[in-house]
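S.K.: Following is a predicted model, sequence given first.
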Amino acid sequence: MPADSTINETNSLTDLLYRKLKLQPKRIVFADGEDIKVLRVAERMVSMEIGVPILLGDKEKIHQMAADESISMKFVNVIDPAKASDLELFCHRLKKTNRFQGKDIINPEEIMARPHNFGAMMVQYSHADGMIAGNQSMPASVFRSVITIMKPLPEVPRIYGAMMMVAPHLKHFGRDGILFMADCGIIPEPDVKQLASIAIETGKLAHHFLGRTPRVAMLSHSTKGSANSESPKKMAAATVLAKKIISDERLDIEISGEVQIDVALDASAAEIKSPDIKAHQSSDVLVFPNLDSGHIAFKLLQHVGGAQNYGQLIMGLARPAAQVPRTVTEETLLGTAAILGGEAIKLHQSVLDD
């Protein structure tokens, strides 16, 4: 089976990340480790010197898969959660956490032997720097593990999903050929408070990776009151709330809303429909009114527009994690691992600054 033909290519996003990670490589755990795509990505991470891959699963099976495909396992760590030396420690931590929450765990060994739970525990307690899962499992099982085991950010009302997409060949695709899109995977109908939080947290994410002030667009089928239905009103209210938080916390984020997608991305459309929108530059962050619109948009850009997707990142957690689809390519796995590494660098720096 041939490797993904795009895995040796870089773009404006991954090129910067790979250079950073060569200086500060991070440990990324792949919870669904019994996957030939994961083995190839792990080999590539080692050869590029951008990270330390940790694969969860049956050791004998994974090494046999690698041997059959002539994939090097040098410096690739393989852990079988059910036989791991840390299993007892993780069970103790699980029981302690649940006692604090007033719960009693009867079978902690069975729970912690599940790769998603084991991987989440590794990241939560700094045995790894980020976790990727979903390439061989359903999204719900991944979300359940991270929600149960990983610490949430107190300022984020609910976890959500963010996609990072790169398409320099498409017109109006952000200022740098990169778009950050949310929520594309978790909250079916976010409320005003959740939408404001999504805008701010995704804006912070964009600021970190772009290295400049990001522009966030709160999307709707209406621009500045051109339609009077409930969805535009919700997006307008979320914009007001997000702007207040940005002002109060002095965040380096610009936001506009509610706006149609052409106004958010195309300067000529913005000049006609909303002359007051600052600078008429393409937005970097797109916040969708509901899960249907966000998920459909990113799939269209990926499968019809040829945009390269990374993620989705599970936002609202204190530690980096991502849920990828079962159809994930090797390029998406590698780039998502690098993004988690970049997030881990930011987290480490914030701890040092404190």
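M.R.: It's in.
S.K.: now the helices for the protein?
M.R.: 12-23, 36-48, 59-68, 87-100, 108-112, 115-124, 139-149, 192-210, 230-249, 261-265, 267-273, 291-303, 330-353 (DSSP state H).
S.K.: helices or strands next to the second one in the packing?
M.R.: The reference is to helix 36-48. If you count contacts as 3 or more Cβ pairs under 8 Å, 6 or more residues apart in numbering; DSSP states H and E, helix 36-48 packs onto strand 26-30, strand 51-56, helix 59-68, helix 330-353. (Each C-beta comes from the backbone N, C-alpha and C, glycine too.)
S.K.: outside of the shortest one, which residues touch it?
M.R.: Identification of contacts with strand 26-30 by Cβ atoms under 8 Å, 6 or more residues apart in numbering yields 38, 41-42, 45, 51-56, 119, 122-123, 127-133, 135, 333, 337, 340-341, 344-345.
S.K.: again, 6 Å this time
M.R.: Strand 26-30 is contacted from outside by 38, 51-55, 119, 122, 128-132, 337, 340-341, 344, using Cβ atoms under 6 Å, 6 or more residues apart in numbering.
S.K.: again with the second one
M.R.: Taking contacts as Cβ under 6 Å, 6+ apart, the residues outside strand 51-56 that touch it are 25-31, 33, 42, 45, 62, 76-79, 81, 115, 119, 128, 341.
S.K.: make it 8 Å
M.R.: 21, 25-34, 38-39, 41-42, 45-46, 62, 75-81, 115, 118-119, 122, 128, 337-338, 341.
S.K.: Equivalent analysis for the third one, please.
M.R.: The list of residues contacting helix 59-68 from outside it, by Cβ under 8 Å, 6+ apart, reads 33-34, 36, 39, 55, 71-73, 78-80, 83.
S.K.: Which one of these is nearest to Lys95?
M.R.: Proximity of the contacts of helix 59-68 to Lys95 (Cβ to Cβ) peaks at Lys83, which lies at 19.8 Å.
S.K.: Excluding covalently adjacent residues, which one is nearest to Thr10?
M.R.: Ranked by Cβ to Cβ, 6 or more residues apart in numbering and with sequence neighbours excluded, the top spatial neighbour of Thr10 is Tyr18, at 6.5 Å.
S.K.: Check Lys193 too.
M.R.: Pro157 (5.6 Å).
S.K.: Looking at that neighbour now. What's its pLDDT?
M.R.: The per-residue pLDDT reported for Pro157 equals 95.
S.K.: looking at the chain, which helix or strand is least sure?
M.R.: Among the helical and strand segments of the chain, the one scoring lowest on mean pLDDT, DSSP states H and E is helix 267-273, with a mean of 83.
S.K.: Check which helices and strands that one sits against.
M.R.: Using 3+ Cβ pairs under 8 Å, 6+ apart: helix 267-273 touches helix 261-265.
S.K.: now the helix it packs on: mean pLDDT?
M.R.: On average, helix 261-265 scores 93.
S.K.: other SSEs contacting it?
M.R.: strand 215-219, helix 267-273.
S.K.: winner for burial among the ones you listed?
M.R.: Across the helices and strands packed on helix 261-265, averaging neighbours per residue (mean count of other Cβ atoms under 10 Å) puts strand 215-219 on top, at a mean of 26.
S.K.: Could I get the buried residue list for stretch 198-213?
M.R.: For stretch 198-213, the neighbour count (16 or more other Cβ atoms under 10 Å) marks 198-207, 209-210 as buried.
S.K.: Pull the distance from that stretch to the chain's centre.
M.R.: Centre-to-centre, stretch 198-213 and its host chain are 13 Å apart (Cα atoms, centre = their mean, to the nearest Å).
S.K.: CA atoms only for it, dumped as CSV, please.
M.R.: The C-alpha trace of stretch 198-213 is given here as CSV (Å, rounded to 0.1, in the frame of the first residue of the first chain):
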residue,chain,number,x,y,z
ILE,A,198,-15.9,29.9,20.5
ALA,A,199,-15.0,33.2,18.8
ILE,A,200,-12.6,34.2,21.4
GLU,A,201,-10.8,30.9,22.0
THR,A,202,-10.5,30.3,18.2
GLY,A,203,-9.2,33.8,17.8
LYS,A,204,-6.5,33.1,20.4
LEU,A,205,-5.6,29.9,18.5
ALA,A,206,-5.3,31.9,15.3
HIS,A,207,-3.2,34.6,17.0
HIS,A,208,-0.8,31.9,18.2
PHE,A,209,-0.3,30.3,14.8
LEU,A,210,-0.5,33.4,12.6
GLY,A,211,1.6,35.7,14.9
ARG,A,212,-0.6,38.7,14.3
THR,A,213,-4.1,40.1,15.1
